[in-house]
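**Q** A structural model of the following input is requested.
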Amino acid sequence: MKYLIVGLGSFGASLAQKLTAQGNEVIGIDTRMEKVDLYKEKISHTICMDATDEFTATGLPLEDTDVVIVAIGENQGANIMATALFKNMRVKRLISRAINPLHEKVLEAIGVDEIVHPEEETAERWSKKLCLIDVVDSFELSDDFSIIEAKVPKKYGGKTIGEVDFRKLFNILILTTIKKSEVNSIFGTSRTELKAQGVASPEMTLDEGDIMVLCGANRDLQRFLDQKRKE
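**A** I've put the predicted structure just below:
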């Protein structure tokens with residue numbers, strides 16, 4: 001996959017290096033030449049430029065980029081300006097870093113797809129989250145067991161959890177399901193809101209597009225994901 005990371009501070013640089021090491025193509029951008037030089041051998045591509053400048057940003061290969069991540073942390077103004085610019089350019093997936101609760105509300109109003117909190121979430125976790133195909137998020141319980149979020153397969157849409165019987169088929173447990181809804185902001189933009197549906201029961205209906213929170217052994221979860229990709 002191809003990533004564009006704006007801001008090569010501690011979080012941005014760490015994430016860019018991990019994504020590069022995992023075989024992805026990464027463009028790292030920063031206004032400081034010393035940062036660009038420091039990471040040019042560790043990140044696929046590094047560019048010294050101002051990502052808040054619309055004329056300059058239009059020269060980036062945004063159509064070929066899968067995810068844009070605005071990781072600027074020390075300058076909230078620059079973060080918001082760059083985020084708004086990439087939102088207006090209609091990039092495929094836009095993730096931005098929030099510094100504080102007020103900043104997060106502004107990013108939500110802009111309509112970013114996801115918000116990063118580096119003080120709470122590590123670059124290691126985000127690199128795994130961005131690279132796992134068909135997985136929305138993941139959390140390791142131990143070396144052998146994990147909790148993951150994955151989209152409901154098309155063939156299970158409209159069926160209840162009891163009818164599918166994930167425990168028998170894959171030896172995994174559904175903890176809950178999450179539904180997506182579009183919420184309009186006061187600025188007229190929309191953002192996706194996720195809402196958990198409570199503790200899963202055999203009678204709960206699965207809808208295509210829902211997200212399932214699954215728990216199990218890594219090998220069993222992988223077996224489920226492998227079958228899901230074959231659809």
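**Q** on contacts alone, who are the packing partners of the helix or strand containing A84?
**A** For A84, the element it lies in under DSSP states H and E is helix 76-88. Packing partners of helix 76-88 (3 or more C-beta pairs under 8 Å, 6 or more residues apart in numbering; DSSP states H and E): helix 54-57, strand 67-70, strand 94-97, helix 101-110. Any C-beta I mention is one placed from the backbone N, CA and C, and that applies to glycine too.
**Q** Please compute how far the first one lies from its chain's middle.
**A** Centre-to-centre, helix 54-57 and its host chain are 24 Å apart (C-alpha atoms, centre = their mean, to the nearest Å).
**Q** what do you get for the third one?
**A** The chain centroid and the centroid of strand 94-97 are separated by 8 Å, computed with C-alpha atoms, centre = their mean.
**Q** Let me see the mean pLDDT of it.
**A** For strand 94-97, the mean pLDDT works out to 92.
**Q** Sheet-wise, list the partners of that strand with their directions.
**A** strand 67-70 (parallel), strand 114-116 (parallel) (DSSP bridges).
**Q** M49 and A78, how far apart?
**A** Distance, M49 to A78, by C-beta to C-beta, to the nearest Å: 12 Å.
**Q** Among these two, which residue is more densely surrounded?
**A** Just comparing M49 and A78: by other C-beta atoms under 10 Å the higher neighbour count belongs to A78, 18 against 15.
**Q** The more buried one and D53 touch, don't they?
**A** No - assessed by C-beta atoms under 8 Å, A78 is found out of contact with D53, at 10.6 Å.
**Q** and whichever strand or helix holds I29, average pLDDT?
**A** Element membership for I29, per DSSP H and E: strand 25-30. Strand 25-30 shows a mean pLDDT of 95 in the predicted model.
**Q** how far does the following helix or strand past it sit from the chain's center?
**A** Under the assignment DSSP H and E, the closest C-terminal helix or strand after strand 25-30 is helix 33-39. Centroid separation for helix 33-39 versus its chain: 26 Å, with C-alpha atoms, centre = their mean.
**Q** which other helices and strands contact helix 33-39?
**A** The elements that helix 33-39 packs onto, with contact taken as 3+ C-beta pairs under 8 Å, 6+ apart, are helix 10-21, strand 25-30, strand 45-48.
**Q** Mind listing residues that contact that helix?
**A** Residues from elsewhere that reach helix 33-39 (C-beta atoms under 8 Å, 6 or more residues apart in numbering): 8-9, 13, 16-17, 28, 30, 46-48.
**Q** Narrow those to just the buried residues.
**A** The neighbour count (16 or more other C-beta atoms under 10 Å) marks 8-9, 13, 16-17, 28, 30, 46-47 as buried among those.
**Q** Tell me which of those residues has the lowest pLDDT.
**A** For these, the pLDDT minimum is G9, 90.
**Q** now that one: how far from Q22?
**A** 20 Å.
**Q** before we move on, the earlier item: could you list the buried residues of the helix holding A84?
**A** 76, 78-87.
**Q** Could you do stretch 87-100 as well?
**A** 87, 91, 94-99.
**Q** Now do the domain split for the protein, please.
**A** According to automatic domain parsing, the chain comprises the domains 2-130, 133-229.
**Q** Just give me how far the longest one sits from the chain centre.
**A** The offset between the C-alpha centroid of domain 2-130 and the centroid of the whole chain comes to 12 Å, using C-alpha atoms, centre = their mean.
**Q** Please apply the same query to the last one.
**A** Centroid displacement of domain 133-229 relative to its chain, using C-alpha atoms, centre = their mean, is 15 Å.
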